[in-house]
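[1] A structural model of the following input is requested.
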Amino acid sequence: MSPTPPNSDQLRQVHELNRLFLTYLQTRVGADRDCLGLPDGARSTLRKTSAEELAAIAEFPRALFDLALDDHAAPHVRDPLPSRDDAARHALCLTILLCAWTLSRQSAYHARLLLGLEPRAIQRLRAMRLSDLQQLAHVRQLVLCAFAGRDWIWTELLTDTRPEARQQLALVALQPGLAHDWPERRATHRGP
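    Predicted coordinates:
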């Protein structure tokens, strides 16, 4: 039996998470802060991207962020959130974690397809209690840009608006093992 495709609610949730993530990244780019692994070449483009363009980019069918669940244990002491940036980061991480936790419990296949989660991370999420997520959201490097080291994906994502280019990029991004099995390639931006 073949897996069922994601339903429209699941896709809308990923689109909304992408929009939140891109908005957060754009704020960090504007303040010349760490951009969670966003390639340097994509920063100036993201800085100039309008809200409408961000919304269109967010419609990507896979998360534009990665959850680094395998690398971190939940902290035992609650971070005091001393700054507005810390509070914004925590809110973003907690929102993403809650959605990933729910999706991983609904379907491991959809969690892998839509969020790019590895089986070990899905198992870890499924084993967590809801209260664990609050603490885990304090981990600094928990949410990072997806496709780290794949500058060409970010360049094309932020600049190429042609529907066929978007579709091709989505097909590439939905492939399992993209992060470690696919070779680097240079961006091939073609005009509108």
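
[2] the strands in the protein, which residues?
    Ranges of strands in the chain, per DSSP state E, are 65-67, 143-145.

[3] is it possible to get a markdown table of these that adds distance to Q10, mean neighbour count and mean pLDDT?
    C-beta coordinates here come from the backbone N, C-alpha and C atoms, glycine included. Supplementary listing: those in a markdown table, determined by distance: least, Cβ to Cβ, whole Å; neighbours: other Cβ atoms under 10 Å; pLDDT from 0 to 100:
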| stretch | distance to Q10 | mean neighbour count | mean pLDDT |
| --- | --- | --- | --- |
| strand 65-67 | 16 | 25 | 95 |
| strand 143-145 | 19 | 21 | 95 |
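
[4] now for those, which one comes closest to S107?
    Nearest to S107 among the strands of the chain is strand 65-67 (16.2 Å), distances taken as Cβ to Cβ.

[5] strand partners (parallel or antiparallel) of that closest one?
    Strand 65-67 has the following strand partners under DSSP bridges: strand 143-145 (antiparallel).

[6] quick one: contacts of the strand it pairs with?
    Applying Cβ atoms under 8 Å, 6 or more residues apart in numbering, the set of residues contacting strand 143-145 from outside is 21, 25, 35-39, 64-68, 89, 92-93, 96, 154.

[7] just the buried ones from those?
    Applying 16 or more other Cβ atoms under 10 Å to the contacts of strand 143-145, the neighbour count classes 21, 25, 35-39, 64-67, 89, 92-93, 96, 154 as buried.

[8] just the ones in helices from those, please.
    Counting by DSSP state H, the members of the buried ones among the contacts of strand 143-145 that fall within helices are F21, L25, R89, L92, C93, I96, W154.

[9] distance-wise, check the second one relative to E53.
    So that's L25. If you measure L25 against E53 using Cβ to Cβ, to the nearest Å, the figure is 13 Å.

[10] now do L103
    For L103 relative to E53 (Cβ to Cβ), the value is 26 Å.

[11] which residues does the residue nearest in space to the middle of the chain bridge with?
    Centre of the chain computed as the mean C-alpha position; nearest residue by Cα atoms, centre = their mean is F65, 1.5 Å away. With DSSP bridges as the criterion, the beta-bridge partners of F65 are C145.

[12] might one say that it is in contact with L20?
    No - the pair F65 and L20 fails to qualify as a contact (Cβ atoms under 8 Å) at a distance of 9.3 Å.

[13] give the intersection of the neighbour lists for these two.
    Counting by Cβ under 8 Å, 6+ apart, the contacts common to F65 and L20 are I96.

[14] follow-up on the earlier one: nearest to Q10, of the ones in helices among the buried ones among the contacts of strand 143-145?
    For these, the closest approach to Q10 (Cβ to Cβ) belongs to I96, at 14.2 Å.

[15] OK, contacts around the closest one?
    L17, L20, F21, F65, L67, V143.

[16] so how far is W154 from the closest residue to the third one other than its chain neighbours?
    Across the structure, with Cβ to Cβ, 6 or more residues apart in numbering as the measure, the residue nearest F21 apart from its sequence neighbours is F65 (4.8 Å). Note on F65: its distance to W154, by Cβ to Cβ, is 12 Å.
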